[in-house]
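**Student:** Pasting the sequence and the predicted coordinates here, then a few questions.
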Amino acid sequence: METTVSVCWFRKDLRLNDHSALNGALSSGRKVICLYVFDPAVYPSFGDGSDPRTSFILDQVSEMKDKLREKDSDMVFRLGKTEEVWEEIFDKYDVAAVYASHDYEPLEVQRDKAFSQTCQEKGVEFVRFHDRILMGPEDALKDDGDPYLVFTPYKRRFLENLKADSGKLEEFKLSFENLLGFKDKHYPAFDGYEREQYVSLYPAKRLSGSMLDDYGDKRDYPAKDATSRLSMHLAHGTVSIRELSRRALNKSDVWMSELIWRNFYYTLAYLMPKSLSDGFKDGYNRINWVNDEAQFERWKKGKTGYPIVDAGMRQLSETGYMHNRVRMIVASFLVKHLLIDWRWGEAYFAEKLLDFDLPSNNGGWQWASGSGCDAAPYFRIFNPYRQQERFDSKFEYVKTWVPEYDRDTYPDPIVPHKEARTRAIDEYKKALG
Ligand SMILES: Cc1cc2nc3c(=O)[nH]c(=O)nc-3n(C[C@H](O)[C@H](O)[C@H](O)COP(=O)(O)OP(=O)(O)OC[C@H]3O[C@@H](n4cnc5c(N)ncnc54)[C@H](O)[C@@H]3O)c2cc1C
């Protein structure tokens, strides 16, 4: 057996700065090993190695390996089943404690429950920190201890608690002396992909002061480059939520609110995991969906005959990203105009979005369908023409993605707006009794 070590187990927190679990490990008084396990069971939607999200992870891990090697250490990277990788680590090292950031999604929660049991049996400490979000699920509850189901009072409590405990915003300054000196075996996964091919898909991490100043006024216009494009980085923890929140709190309440929405959805996913598969509100599970597969295909391809919907769907399939305003429009359109089950749309987004993140995606879809806990009311049906006039009046966004929108070759609307609206309201009324 070698020296007793602490392991920092990286998951969706892929960075080496301002990191609470890494700080915990480095301050433990023991030598520290960094580990990343790519377990296909936890990333089922990421498909094979050609998925850009897989390569994003490999990219970040390989950058972290380089940085750790400069410090005469390394990061152990393994592709395989979590429990098997851990067997190897426990065989090789005398592990006293494992430090990690909390995860909130059901598969990950299950994985951690099983791992926690293993640690208990082995007498290893398993220490976790809320690092992906600022406020842990149980840190902003109602006075009676129940979770908030409505965003505005949740946000109020969140900000009160933050004011009372400003330590939550403090940066963890890391000192790396205690890293274990070692070199991990060469892993072929790092040979198999062309980094350049993907790098353009991940906009640099940026959060400029002027973006924050203008965010409230400009964020809803999809042709403007007025949002941070940090979602993919937040989904994998390559930026620190504390750093972003400190900047947001000083500059933009509106942008801070978006980070709190994310925190709200993570909280609900963790405390009420059932709401991830079923409509949060029961009546919405009785909706008689039409689920027309041909119409679903036209929606996916961006051929519905509604320019703003088609532009969004084409932006998604060509880039893996879609502007938030347009996500709301296309989601509402699928669920209400076409009466297609929101879970179909949710699954398609999960397959395509580079920033896919289960709680936010589910939250967005349930918001649009009306079934979420703090969702759009069922009778609020976005009129795609009106949305076009308000948010892309000069068709700048549409022209980028649907250049033929004003030509004869462009299809007629897949369903007439007025009739679709009436049908949706009738169907929702029936289901909700
Ligand atoms: C149907 C639907 C599905 C969605 N799926 C996802 C998803 O899988 N992953 C994802 O990260 N976001 C999702 N969103 C939320 C939002 O659209 C994206 O976070 C945002 O467009 C990302 O762009 P940005 O980084 O420039 O955001 P900014 O406007 O700069 O916002 C900053 C950050 O706040 C968070 N955020 C912003 N809006 C929301 C929101 N409404 N809900 C939760 N978090 C938010 C994101 O982490 C984002 O990066 C979805 C929204 C809808 C309506």
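**Tutor:** Okay, I see it.
**Student:** make it CA atoms for all contacts and neighbour counts henceforth
**Tutor:** Fine.
**Student:** now the closest residue in space to residue 410 that isn't next to it in sequence: how far from residue 411?
**Tutor:** Excluding the flanking residues, the one nearest residue 410 by CA to CA, 6 or more residues apart in numbering is residue 404, at 6.1 Å. Separation of residue 404 from residue 411 (CA to CA, to the nearest Å): 10 Å.
**Student:** From the ligand, how far out is the residue nearest to residue 410?
**Tutor:** Residue 404 is 25 Å from the ligand, where distance means CA to the nearest ligand atom, to the nearest Å.
**Student:** burial count for that residue?
**Tutor:** By other CA atoms under 10 Å, 14 other residues sit near residue 404.
**Student:** going forward can the numbers begin at 489, since that is how I track them
**Tutor:** Yep, numbering from 489; the last one is residue 892 now.
**Student:** Could you grab the helix/strand/coil label for it?
**Tutor:** What DSSP: H, G, I helix; E, B strand; the rest coil gives for residue 892 is coil.
**Student:** quick one: pLDDT of it?
**Tutor:** Per-residue confidence at residue 892 stands at 98 (pLDDT).
**Student:** Which phi and psi values does it adopt?
**Tutor:** phi -90, psi 10 (degrees, to the nearest 10).
**Student:** What part of this structure, helix or strand, is modelled with the least confidence?
**Tutor:** In the chain, no helix or strand scores lower on mean pLDDT, DSSP states H and E than helix 683-687, which sits at a mean of 56.
**Student:** three-state assignment of the residue of the stretch 539-688 of the chain found nearest the ligand?
**Tutor:** Residue nearest to the ligand within the stretch 539-688 of the chain: residue 621 (10.1 Å; CA to the nearest ligand atom). What three-state DSSP gives for residue 621 is coil.
**Student:** cool, residue 496 as well?
**Tutor:** Assignment for residue 496 (three-state DSSP): strand.
**Student:** Wait, it touches residue 509, no?
**Tutor:** Yes - between residue 496 and residue 509 there is a contact at 6.5 Å, judged by CA atoms under 8 Å.
**Student:** who touches both of the two?
**Tutor:** Shared contacts of residue 496 and residue 509, defined by CA atoms under 8 Å, 6 or more residues apart in numbering, comprise 587-588.
**Student:** Tally up the residues packed near residue 798, please.
**Tutor:** Residue 798, neighbours per other CA under 10 Å, totals 24.
**Student:** separation between it and residue 886?
**Tutor:** 8 Å.
**Student:** In contact with the spatially most central residue of the chain, which residues?
**Tutor:** Closest to where the C-alpha atoms of the chain average out (CA atoms, centre = their mean) is residue 845, at 2.6 Å. The contact partners of residue 845, by CA under 8 Å, 6+ apart, come to 723, 838.
**Student:** That one and the ligand, how far apart?
**Tutor:** Distance from residue 845 to the ligand, by CA to the nearest ligand atom: 4 Å.
**Student:** Close to the ligand: what parts of the stretch 589-738 of the chain are there?
**Tutor:** 715-719, 722 (CA under 6 Å from any ligand atom).
**Student:** And these, which is closest to residue 568?
**Tutor:** Lowest distance from residue 568 to those (CA to CA) belongs to residue 722, with 24.2 Å.
**Student:** who does whichever strand or helix holds that closest one touch, helix- and strand-wise?
**Tutor:** In the assignment (DSSP states H and E), residue 722 maps to helix 719-724. If contacts are counted by 3 or more CA pairs under 8 Å, 6 or more residues apart in numbering; DSSP states H and E, helix 719-724 sits against no helix or strand.
**Student:** Give me the mean pLDDT for it.
**Tutor:** Helix 719-724 comes out with an average pLDDT of 94.
**Student:** following that helix, which helix or strand shows up next?
**Tutor:** Downstream of helix 719-724, the next assigned helix or strand under DSSP H and E is helix 729-739.
**Student:** rewinding a little: quickly note the distance from the nearest residue in space to the residue of the stretch 539-688 of the chain closest to the ligand that is not next to it in sequence to residue 790.
**Tutor:** Setting aside the residues directly before and after it, residue 621 is nearest to residue 751 in space (CA to CA, 6+ apart), at 5.9 Å. In this structure, residue 751 and residue 790 are 31 Å apart, going by CA to CA.
**Student:** now do residue 698
**Tutor:** Taking CA to CA, one finds residue 698 at 33 Å from residue 790.
**Student:** So between these two, which is more surrounded?
**Tutor:** Higher neighbour count among residue 698 and residue 790: residue 790, with 24 against 10, using other CA under 10 Å.
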